[in-house]
Each structure stands twice: as structure tokens, then as C-alpha cells.
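>>> Got a sequence here, can you build the structure:
(2 chains)
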Amino acid sequence: MSNELENAFAALAADAGRGRLLPAAEVRRQSDRRAVRRGVLTVTAAAVLIAGAFGTGWALGGDDRGQAPIAPIPIVTPSRSPSVTVSPPAKPVSTPPSAPPSTPPATSPSTTAPTSKPPTVPKSIPARAMLNKADGNTGGFARLTEIWDPTKLCGDASYPSSQDAAVRASVRVIYKRPELGVEYVPDDVVYNTVTVYRGNGAEDFLDELRDAVRECPTGGEGEPPPKYRSLGSPGLGDESVMIERSAVGRLGTGEPDPKAERQITYIVAVRVGDAVTLLDTTGYENAGSIRSSVDSLAATAADRLTDWRG
Amino acid sequence: MRDADGFDEFYRETSARMLRYGYAMTGDLAEAQDVVQEAYTRAWRNWRTVAAHPAPEGWLRLVVSRLATDRWRRLSGWRAAVRRAGPPEPVAPPGEDAVVLTAALRRLAPNLRQAVALHYLFDLPVAAIAAETGAAVGTVTSWLHRGRTELAAILASTRLPEATDVE
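Predicted coordinates for the structure are as follows:
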């Protein structure tokens, strides 16, 4: 029996030779890209299909689905070593394993939204806790079925607090300053993610985000990768942090151009109690974000969260 | 900064073995490619931790094992992204013996499949399998015994029709 099995496994090992793997450098490159801006490719592809929604250029989809409550997205918390993907399908908020392999594998990870610690952990994130359609002044608004997480600034950014994330939701707002007429293209595409944490997870997340900026002066998608720097606290909520992301400038065609003005966008995190509202501004086409608009949107997002959880 | 050269060397040294393991765990080579690619992607994201680990290859195997189970595949949703950016699927058809074994392995419980694969593909002793899976040595011994027995029975039953055909 044993010899037969050895032969069978030898045949399997030989047959595995048909398989192909990417070069190591490509694996690293993809890992760095995915860690930082997951979902960007998907959004870009969608933009191609629906270009024209906002005129010419790289318009993003604004699939407006109204103001219905935002469905909770359960966070999977492995029962033992934190492992693999912690998020709903596709746009994963990935928490790779950090435990040694000697640790027994998770046997029954919980997939349900936590309800065991009322009243601190809600069952869902209500729409009123987040930015909404009216905030964008364009009609471009979408609830996302996947969580938008821009906080993996580089591979060295670590977020153990993700294990304490109990419930979260993301929306996308296509923003234009209210004084601009219909002939103007939008100013920005802004992602807003609200997360309620168990225990001290929210406070830990803010600490980890500050650490991530220190650990990641550069990183993420783009060649060369963007640079990050902390702008300190914008003074919102119980505590907050604002991060500037500076990417290489681009021509109108989207091609990188070192001579072009750098594209500046922002990440803002505001904690209110056990919850965090996170803004990720991505600019529009080859233009960066407008700081005053980001400040205004961040204040609005903070107010919404305070009204709900404060 | 993370040590890219160290990762690349580790990848070159271990990825072929890891692909065999993924193949045994998933039963499908294209899926094994995705699983293994994803495991290394995560390893690079945590390379300082993995590199400092006493058994980096075991760390990888644990991720592969998890990704290879239905539960983690359903939950993660990573595969579409990997599929877009990953290597092309194998063109050549699988070998007949490999098909028979992978079909048999799929019929084993995941813990038995894992134990048998670790034993036959990596030549790991019982104690090492126990350490890697978090199970007791006696439990692993039992898994291996059951796994071998069940696998041999499945393989024997699979080949029985061939003998009938000869007649």
C-alpha cells in the first residue's frame, strides 16, 4: 500500500510540473499593488464601460441606488491565528497570517456580525452615518458591495485592529463643488468607509494608521509609487489623522509625466468612540483633490458619525 | 525595508514544492496555481514576519491549506483578482495517474488529506505534522493511518473497472 501511494504521489508531483507560477518579482509587485489600492482595476474597468456618464475622460460610474440602509458586511475573525482574507468577496481587506504555522489552523471562523456585546456593536452601518448622494453634488453615488480600504500604504503597514472590526460599510461619492455648473466635470471621487470596532479596536486603528505613515514614506500602486506624509490631526471627532498622498503627475491621457504637477490626494480617519469614518480621496482623471473640499467632506463625515455614535 | 532578494530566493527554492502541495490539496492544478500565488503574495506582504519565522515554508503551507479549503475560498473572494493577474492555466492535460490520485484525495476529509500530503510530498515526520497542524501526535498518527487506508481503498476501487475491462 505504502509503495503504491508513494508512486501515486510521485506521479502527482511530476504532473504538477505542468503548472506555471509568476516570477518572484512579479509576485512582489502584485502584492504591493493589491495591498494598497485593491479594487482600483475593477473600478477603472467599469469606468471604461460607462465613460460618458460625466462627459469625456475617465468618468467613474455613479450607480445611484438611493438612500436605503447600507447592508452590513460581516467581518470574518479567525478563531485562532489571524489569517487570510477578512473581508467580503472581491475587494478584500486582507489580513495575512502572522501566526506561526505551529499554531493550529482556524477551525470555525465566525462569519456573523457580532451581536454579543450590546449595545456597543450595531448590526449594520446606517446610511445616515456616512456620506450620501447629496454630499457629492453630482448624483454620482454608490454603495459598495466590497469594503474600500486604502490604509495599506505599503507592505509594512500592519493593522491587527482589523480583527476587532465588527461591522463596516463603504460608499463612493463623486464630488463636485456646489458652485460649479453642470458643464463642469467632477472634482473628486471619494470613498467613505465606516467601521465599528470591538473593544479598543478603533483607538488601535488610529494608532496603527499613524504608524503606517511612518513605516511607509512611499509605497503602493504607481511607478514610482506614491509618497505619504502625515498632516497631523484635522481636529475632528475624538481623534483624527489626515494623510497626504502624493503621486506622480499625469498627462491628460493618463500617462505618467514626471514634469507634470504631482497628484495630491488624501486619506482622513476620524474616530468617534468605537467607530471610525475613513475618507479616501482619489482625485478626478489626472487632477488631485482640492484640500478645502476634502476638509469639508471630512467634517461632514465626522458629524454624521457623531450623530450616530457620539 | 523588506528583503526582496531573500524573498525571491525563498520563492525559487520552495514554490515548486508548494505547487505540488496545492495540487494535492485542491485537486486542480490551475486552482493550485492561484492558491500558491496568493500564498506568496501574502508572504511578501508579511515578509519580515515570515522571514523571521523558524519555519517559513510551514507558514506558507498553512496559508495554502487554508486557501485550499472551500470555506476560505468562499469567504475570501480573492480568486478573481488572482485569476486576472496570475499565470496562465496549464495547457497540457493532466497525467492519468495524477487524475486518479487527486480524485481520491478529494474524497478524503481535509485534515486527512493534509496529513497525507505533508507526509508524502514533504516527507514530514508525525511530530512535524502535528506541530504544523496544531494537532496532537497521536491524532496525526491516526489521521495518517486512516488517510492511507482510505486512499488505498479508493485507488483500488478506482482501478477495479480496468481489470474488468481486460476480461
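
>>> Quick check: closest non-adjacent residue to residue 150.
In the absence of a named chain, this looks at chain A. Computed as C-beta to C-beta, 6 or more residues apart in numbering or on different chains, the closest residue to residue A:150 that is not its neighbour in sequence is residue A:280, at 3.9 Å. C-beta coordinates here come from the backbone N, C-alpha and C atoms, glycine included.

>>> oops, I was thinking of chain B
Using C-beta to C-beta, 6+ apart, the closest residue to residue B:150 is residue B:108 (5.9 Å).

>>> That neighbour - how many residues pack around it?
Counted by other C-beta atoms under 10 Å in any protein chain shown, the residues lying close to residue B:108 total 19.

>>> Quick one: residues contacting it.
Residue B:108 sits next to B:116, B:147, B:150, B:151 when contact means C-beta atoms under 8 Å, 6 or more residues apart in numbering or on different chains.

>>> a strand runs through it, doesn't it?
No: counting by DSSP: H, G, I helix; E, B strand; the rest coil, residue B:108 is not part of a strand but coil.

>>> Give me the pLDDT for the residue in chain B that chain A sits nearest to.
Chain B approaches chain A most closely through residue B:134 (2.1 Å), counting by C-beta to the nearest C-beta. Predicted confidence (pLDDT) for residue B:134: 87.

>>> coming back round to it: state the pair within the contacts of residue B:108 that is farthest apart.
The distance between the two most remote of the contacts of residue B:108 (C-beta to C-beta) is 9.1 Å, for B:116 and B:150.

>>> Which one's more surrounded, these two?
residue B:116 (24 against 18).

>>> Surely the more buried one and residue B:148 touch.
Yes: with contact defined as C-beta atoms under 8 Å, residue B:116 counts as touching residue B:148 (6.6 Å).

>>> Any idea what residue A:246 is bridged to?
For residue A:246, the beta-bridge partners under DSSP bridges are residue A:227, residue A:264.

>>> wait, what's in contact with it?
Each residue near residue A:246 by C-beta under 8 Å, 6+ apart is listed here: A:226, A:227, A:228, A:229, A:262, A:263, A:264.

>>> Kindly recompute the last result at 10 Å.
Shown in contact with residue A:246 (C-beta atoms under 10 Å, 6 or more residues apart in numbering or on different chains): A:218, A:226, A:227, A:228, A:229, A:262, A:263, A:264, A:265, A:288.

>>> of these, closest to residue A:156?
So of the contacts of residue A:246, ranked by how close each gets to residue A:156 (C-beta to C-beta), first place is residue A:218, at 10.7 Å.

>>> three-state assignment of residue A:152?
coil.

>>> And for residue A:241?
When classified by three-state DSSP, residue A:241 comes out as strand.

>>> if we can go back for a sec, the residue of chain B closest to chain A reaches residue B:58, doesn't it?
No: Residue B:134 lies out of contact with residue B:58 (C-beta atoms under 10 Å); the separation is 11.4 Å.

>>> for the chain, what are the low-confidence residue spans?
This is for chain A. Scanning chain A for pLDDT under 70 picks out A:1-2, A:33-119, A:222, A:251-255.

>>> switch to chain B, that's the one I care about
Residue ranges of chain B with pLDDT under 70: B:1, B:70-91, B:159-167.

>>> Partner strands of the strand or helix carrying residue A:167 and their direction?
Using DSSP states H and E, residue A:167 sits within strand A:165-175. Applying DSSP bridges, strand A:165-175 is found paired with strand A:73-74 (antiparallel), strand A:141-143 (antiparallel), strand A:188-197 (antiparallel).

>>> Please identify the most buried of the ones you listed.
strand A:188-197 (a mean of 27; mean count of other C-beta atoms under 10 Å in any protein chain shown).

>>> next structured bit after that strand?
From strand A:188-197 onward toward the C-terminus, using DSSP H and E, the following helix or strand is helix A:201-215.

>>> mind listing the helices for chain B?
Along chain B, the segments classed as helices by DSSP state H run B:4-26, B:29-45, B:47-52, B:56-68, B:70-76, B:79-85, B:96-106, B:110-122, B:126-133, B:137-166.

>>> so which of the ones you listed comes closest to residue A:32?
Among the helices of chain B, the nearest to residue A:32 by C-beta to C-beta is helix B:29-45 (7.7 Å).

>>> the inter-axis angle of that closest one versus helix B:56-68?
Counting by axes from the mean of the first three to the mean of the last three C-alpha atoms, to 10 degrees, helix B:29-45 points 130 degrees away from the direction of helix B:56-68.

>>> what helices or strands is helix B:29-45 leaning on?
When contacts are defined as 3 or more C-beta pairs under 10 Å, 6 or more residues apart in numbering or on different chains; DSSP states H and E, helix B:29-45 sits against helix A:24-36, helix B:4-26, helix B:47-52, helix B:56-68, helix B:70-76, helix B:79-85, helix B:96-106.

>>> and among those helices, the most buried is which?
helix B:56-68 (a mean of 25).

>>> show me what contacts residue 151?
Because you didn't say which chain, this covers chain A. Taking C-beta under 10 Å, 6+ apart, one finds A:35-36, A:93, A:157, A:159, A:162, A:193, A:205, A:208-209, A:212-213, A:216, A:243, A:267, A:269, A:278, A:280 in contact with residue A:151.

>>> Switch to chain B, please.
Taking C-beta under 10 Å, 6+ apart, one finds A:1, A:4-5, A:8-9, B:101, B:104-105, B:107-108, B:112-113, B:116, B:120 in contact with residue B:151.
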